[in-house]
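Student: the following block contains a protein sequence and its predicted model.
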Amino acid sequence: KPFLALGLEGSANKLGAGVMKHNEDGSTTVLANIRHTYITPPGEGFLPRDTAQHHREWANAVIKDAISQAGISMHDLDCICYTKGTPSPGMGAPLQSVALVARTLAIMFNKPLVGVNHCVGHIEMGREITGARNPVVLYVSGGNTQVIAYSRQCYRIFGETLDIAVGNCLDRFARVINLSNDPSPGYNIEQEAKNGKRLVPLPYATKGMDVSLSGILTSVEGYTMNERFRPIGAPYNPEDDVITPADLCYSLQETVFAMLVEITERAMAHIGSTEVLIVGGVGCNERLQEMMGIMAQERGGQVFATDERFCIDNGIMIAHAGLLSYRAGYRTPLEKSTCTQRFRTDEVHVTWRL
């Protein structure tokens, strides 16, 4: 029989609700994928307390929109899925606010709950949308940076960041140069980088299969104190020896993405894979996709990526991964329907894969 699930995601500044259908023939249908983003003024990040308040205020509208768009009622659902936790230290208050909504709906409509690992949601949705069979996964977002491959019912971590995530690195630099947070600071860095003409020297910090990004952030911030730096909007002669925000965005992207391509290639060589799947919010970045594509092509492989509907945090990935767990017999008892700020990718028993 077909299975229906509602997925709720709110581990960061995106609140998402999605309705997923698994059909009798094994195919899947996205019935609804609604998202609302908490956007702060330029130069500011988002605080857990304020983000949680945003999720509480918008939860009813977002879930109603998703159910309406899917053309179903809450009684038609087989289960309700929610983000139980993220691999990196996540934001506790937003996670709790969404878990509370999921728990309330499960009690009101007498539906089973399924807690989902945030990263596994990204991976399973990426595999479903792109058709990648057994890829090396590069998971890059505001809170996480990991290179992952599947083996024996576990997504195993080959390498990761030793300090801050790549998305956090880009977002923090966007705040330094006062770029807008709308639609996202990472997207605006990508657009600014297209106008960069100079590659400034930055530390290149791969450490085995891991990367370190905090020193690169400090170094690129240092260039904004340089007497040759010209802020956005400041007049300058193009023939002068100056450093622009576009140059710094370009240099930061090129350096950090080269590091990510290197450790991903090592993982591909180790397991003998020819496929790369890029998931997470930073996976939308077209320059990262281009660089990864060049590397994969040189190895006789290919890169798989999705657009912003599925790369950026969304409810449909939670619904899909939750439904896979549900069909494999997994349920989250009400008394254990908590959330955690550190839920490692390799802690999940992936019972739905051979």
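Tutor: Perfect, I can see it now.
Student: dump the residue contacts of Met138.
Tutor: If you look again at residue 138, you'll see it is Leu, not Met. Counting by Cβ atoms under 8 Å, 6 or more residues apart in numbering, Leu138 touches Gln146, Val147, Ile148, Leu260, Thr264, Val276, Leu277, Ile278, Val279, Gly283, Met292. For the C-beta atoms, the positions are set from N, CA and C on the backbone; glycine is no exception.
Student: if we go to 6 Å?
Tutor: Applying Cβ atoms under 6 Å, 6 or more residues apart in numbering to Leu138 gives the contacts Val147, Thr264, Ile278.
Student: let me know the closest of those residues to Gln153.
Tutor: Comparing the contacts of Leu138 against Gln153 with Cβ to Cβ places Val147 closest, at 19.0 Å.
Student: specify the beta-bridge partners of that closest one.
Tutor: Leu138, Gly159 (DSSP bridges).
Student: just the strands in the stretch 1-150 of the chain please.
Tutor: 3-9, 14-22, 28-37, 79-85, 113-117, 136-140, 145-150 (DSSP state E, counting those that start in this stretch).
Student: longest helix in the protein, please.
Tutor: Ranked by residue count under DSSP state H, the longest helix found in the chain is helix 245-271.
Student: tilt between that one and strand 136-140?
Tutor: Counting by axes from the mean of the first three to the mean of the last three Cα atoms, to 10 degrees, helix 245-271 lies at 150 degrees to strand 136-140.
Student: now which of the contacts of Leu138 would you call buried?
Tutor: Val147, Thr264, Ile278 (16 or more other Cβ atoms under 10 Å).
Student: before we move on, back to that, CSV for the strands of the stretch 1-150 of the chain, including mean pLDDT and distance to Glu298?
Tutor: Putting the strands of the stretch 1-150 of the chain into CSV (pLDDT from 0 to 100; distance: least, Cβ to Cβ, whole Å) gives the following:
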stretch, mean pLDDT, distance to Glu298
strand 3-9, 98, 35
strand 14-22, 98, 35
strand 28-37, 98, 33
strand 79-85, 98, 36
strand 113-117, 98, 32
strand 136-140, 98, 15
strand 145-150, 98, 18
